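[1] can't give you the sequence, but here's the structure:
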């Protein structure tokens with residue numbers, strides 16, 4: 001709360017802005033998957049994890065917010081590893097569809 005009794009948006013964004021960015025990318029990926037563009041959506045989901053890894057590696061703990069789950073190195077390795085794995089799988093699977101025939 002600021003001096004006027006209203007919530008302080010700037011302070012909230014300072015703490016939760018990184019997670020908000022990652023979630024927006026993930027929602028865009030889920031929208032692409034639901035729109036039957038599963039490969040593009042999967043790349044976006046993996047990209048969201050890679051963005052989370054970069055943000056967790058570069059932001060101080062006070063600004064990482066809910067991206068900080070464990071120690072910094074473990075978080076970066078998990079986010080980055082899963083992100084690379086999802087992107088690699090999405091790019092290497094060339095056949096198949098999630099659409100019902």
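    Yep, that arrived. Remember, predicted model here, so these are calculated numbers, not experimental data.
[2] max-length helix in the chain?
    helix 9-34 (DSSP state H).
[3] Show me how far that helix is from its chain's centre.
    7 Å (CA atoms, centre = their mean, to the nearest Å).
[4] Check what contacts whichever helix or strand comes after that helix and list those residues.
    The helix or strand immediately downstream of helix 9-34 is helix 38-58, counting by DSSP states H and E. Defining contact as CB atoms under 8 Å, 6 or more residues apart in numbering, one finds that helix 38-58 is touched by 18, 21-23, 25-26, 28-35, 64, 67-68, 72, 75-76, 79-80, 82-87, 89-91, 93, 97-98. C-beta here means a position set from N, CA and C on the backbone, and glycine is covered the same way.
[5] if we can go back for a sec, compute the inter-axis angle for the longest helix of the chain and helix 38-58.
    150 degrees (axes from the mean of the first three to the mean of the last three CA atoms, to 10 degrees).
[6] Which other helices and strands does the helix or strand of the chain with the lowest mean pLDDT contact?
    Lowest on mean pLDDT, DSSP states H and E among the helices and strands of the chain sits helix 61-64, with a mean of 87. Here helix 61-64 touches helix 9-34, going by 3 or more CB pairs under 8 Å, 6 or more residues apart in numbering; DSSP states H and E.
[7] The helix it packs on: which residues count as buried?
    16, 18, 19, 22, 25, 26, 28, 29, 32, 33 (16 or more other CB atoms under 10 Å).
[8] swap in stretch 72-81?
    Per 16+ other CB under 10 Å, stretch 72-81 contains these buried residues: 75, 76, 78, 79, 80.
[9] Show me these that map onto strands.
    Using DSSP state E, no member of those falls within strands.
[10] of all the residues you listed, which two lie farthest apart?
    Distance extremes for those: the farthest pair is 75 and 80 at 9.1 Å, using CB to CB.
[11] circling back: let me have the buried residues of stretch 72-81 in CSV, extended by distance to residue 8.
    Output for the buried residues of stretch 72-81, formatted as CSV (distance: CB to CB, whole Å):
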residue, distance to residue 8
75, 27
76, 29
78, 31
79, 28
80, 32
